[in-house]
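Peer 1: Below are the sequence and a predicted model for it; my questions follow.
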Amino acid sequence: MKISSVDSIKLVKKNEWDSLVSNESPLFDYEFLLCLENSLCTNLETGWQPNHFIFKKNENISSIIPAYKKFNSNGEFVFDHSWANAYYRLGLQYYPKFLSAIPFTPVNGNRIFAENSDSRFVESIKLLIDRLKIENSSSFHFNFINKKQSDKLHHFGFLKRLGIQYHWINNNYSSFNDF
């Protein structure tokens, strides 16, 4: 299996992307991410430069990690400014960093999409770790990742960031008065 990255979702065939990602969330669908690019919401100037990791086996995409090269911490709903400040005080560069998340949206779910096998997931993470060792980046973050994938990443040495998220459930309220 080989790893590469693309700086635009346009460089991936829609049917290949959606075949792995479309059952997760419409916010990872090819068309949604393409709209973010076309509207200039995700680009270098906003600090959300597309940098999707693509894993191929026999020239077919077998895994995808939607990701961005981040040049700031804006729009993440996870505030790591103290980490950026600590790096700065030590004379180190915190940015760019890599982030797998839905831009501007704190929605939980998968962040690593692999063909239907745990071995493909493991193989993808090992390749990602090797790739990150040669990248000029401080870190790789998976924001709002589900617990199962978080636990798997922790096994490979990724640190867990714990937080609290509140979810409102509409109990068939049709108006504010019902609430």
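Peer 2: Received the coordinates, thanks. Numbers count the residues shown, from 1 in each chain.

Peer 1: Which is the succeeding secondary structure element to the longest helix along the chain?
Peer 2: Secondary structure of the chain per DSSP state H: the longest helix is helix 118-132. For helix 118-132, the following helix or strand on the C-terminal side (DSSP states H and E) is strand 140-142.

Peer 1: Parallel or antiparallel, list what pairs with that next one.
Peer 2: strand 97-100 (parallel) (DSSP bridges).

Peer 1: Now do the strand it pairs with: distance to the chain's middle.
Peer 2: Its chain's C-alpha centre and that of strand 97-100 lie 6 Å apart, by Cα atoms, centre = their mean, to the nearest Å.

Peer 1: Return the residues in contact with Ser100.
Peer 2: 65-68, 111-112, 140-143, 145 (Cβ atoms under 8 Å, 6 or more residues apart in numbering). Every C-beta, even on glycine, is put in place using the N, C-alpha and C of the backbone.

Peer 1: Most neighbours out of those residues, which is it?
Peer 2: Tyr68 (26 neighbours; other Cβ atoms under 10 Å).

Peer 1: quick one, helices of this protein?
Peer 2: In the chain, the segments counted as helices under DSSP H are 14-21, 30-38, 81-89, 118-132, 147-155.

Peer 1: Enumerate every residue touching Asn146.
Peer 2: For Asn146, the contact set (Cβ under 8 Å, 6+ apart) comprises 108-110.

Peer 1: Tell me the buried residues within those residues.
Peer 2: Among the contacts of Asn146, those buried by neighbour count (16 or more other Cβ atoms under 10 Å) are Asn110.

Peer 1: okay, the contacts of Asn146 in CSV with distance to Arg89 and pLDDT next?
Peer 2: Putting the contacts of Asn146 into CSV (distance: Cβ to Cβ, whole Å; pLDDT from 0 to 100) gives the following:
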residue, distance to Arg89, pLDDT
Asn108, 32, 88
Gly109, 35, 90
Asn110, 35, 92
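
Peer 1: Which members of the contacts of Asn146 are positioned in strands?
Peer 2: Secondary structure from DSSP state E places none of the contacts of Asn146 in strands.
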